[in-house]
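Novice: sharing a model prediction with you, sequence too.
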Amino acid sequence: MRIASATAAADVTEGVAMPEGADSPVMSAEVDWFTAVVREHSTALVRYFARRGPRQDAEDLAAEVFATAWRRRDDVPREAVLPWLYRTAGFTLANHRRKHIDLPVDEVPETGAARVSEDPELSVLFDAELRGALASVGGRDRQILLLHAWEGLDGEELAEVLGISRSGADAALSRARKRLREAWGERLSF
């Protein structure tokens with residue numbers, strides 16, 4: 001499951017109104033930067049979506065994130081591209097899930113249904129007790145734990161994705177771990 005970088009860059013930029021001087025060295029540098037971003041991070045984004053939803057949607061959702069990155073390329077911090085992509089991926093996934101739920105906005109659940117059973121790799125890693133413990137912590141704690149465990153984010157990257165300070169991200173991860181340990185302990189006590 002890998003987005004072909006040249007194809008993805010072409011697909012994403014197709015239909016986008018190029019500014020005047022699109023053949024300029026500046027635009028060429030932006031296209032080169034974007035192509036490098038797609039090559040470097042496409043696998044990580046596809047995996048991000050595959051672990052959180054139906055695998056058949058993963059590449060399309062990743063392409064949506066790259067389309068957003070192209071449109072908002074001036075807003076993407078060059079020193080923290082992957083955290084910016086993950087944060088955008090979270091918004092993209094939330095929007096995707098809302099499209100499939102026919103509920104008034106105030107009744108939309110915080111997160112979608114767990115799809116661990118569709119992924120044999122995750123089924124091996126997470127047994128029913130851990131899934132139950134993860135389900136019992138709040139959505140934000142779950143997001144923080146999964147970004148840390150599955151995507152390997154901590155410190156500055158986690159702070160960037162969450163839109164908070166580094167110390168705030170460290171504290172949030174610590175609290176989320178504590179709540180998960182407590183939930184795990186409660187589940188194993190009976």
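Specialist: Received, thanks. Numbers count the residues shown, from 1 in each chain.
Novice: from now on I want contacts and neighbour counts done on CA atoms only, so please keep to that.
Specialist: Fine.
Novice: look up how far Leu173 lies from Ala50.
Specialist: Summarising the geometry, the distance separating Ala50 from Leu173, computed by CA to CA, to the nearest Å, is 23 Å.
Novice: my bad, Gln143
Specialist: Relative to Leu173, and taking CA to CA, Gln143 is found at 10 Å.
Novice: avg pLDDT for the helix or strand in which Leu134 is found?
Specialist: Counting by DSSP states H and E, the secondary-structure element that holds Leu134 is helix 128-136. Helix 128-136 comes out with an average pLDDT of 74.
Novice: now swap in stretch 143-150 and tell me
Specialist: Per-residue pLDDT values across stretch 143-150 average out to 88.
Novice: cool, and stretch 182-190?
Specialist: For stretch 182-190, mean pLDDT rounds to 65.
Novice: could you give the number of residues near Ala183?
Specialist: Ala183 sits with 19 neighbouring residues when counted by other CA atoms under 10 Å.
Novice: now it: closest residue in space, sequence neighbours ignored.
Specialist: Counting by CA to CA, 6 or more residues apart in numbering, Ala183 lies nearest to Ala133, which is 5.2 Å off, once chain neighbours are set aside.
Novice: quick one: the one you found from Phe34, how far?
Specialist: Ala133 sits 39 Å away from Phe34, taking CA to CA as the criterion.
Novice: skipping its backbone neighbours, what lies nearest Arg87 in space?
Specialist: Sequence neighbours aside, Val161 is the residue nearest to Arg87 in space, at 4.7 Å (criterion: CA to CA, 6+ apart).
Novice: in this structure, which spans are helices?
Specialist: Listed in chain order, the helices found in the chain under DSSP state H are 5-13, 25-50, 55-71, 81-99, 120-125, 128-136, 139-149, 155-162, 166-188.
Novice: what residues of the second one count as buried?
Specialist: This means helix 25-50. Neighbour-count burial for helix 25-50, counted by 16 or more other CA atoms under 10 Å, picks out 31, 34-35, 37-39, 41-50.
Novice: give me the low-pLDDT residue ranges for the chain?
Specialist: Low-confidence regions of the chain, defined here as pLDDT under 70, cover residues 1-23, 100-129, 187-190.
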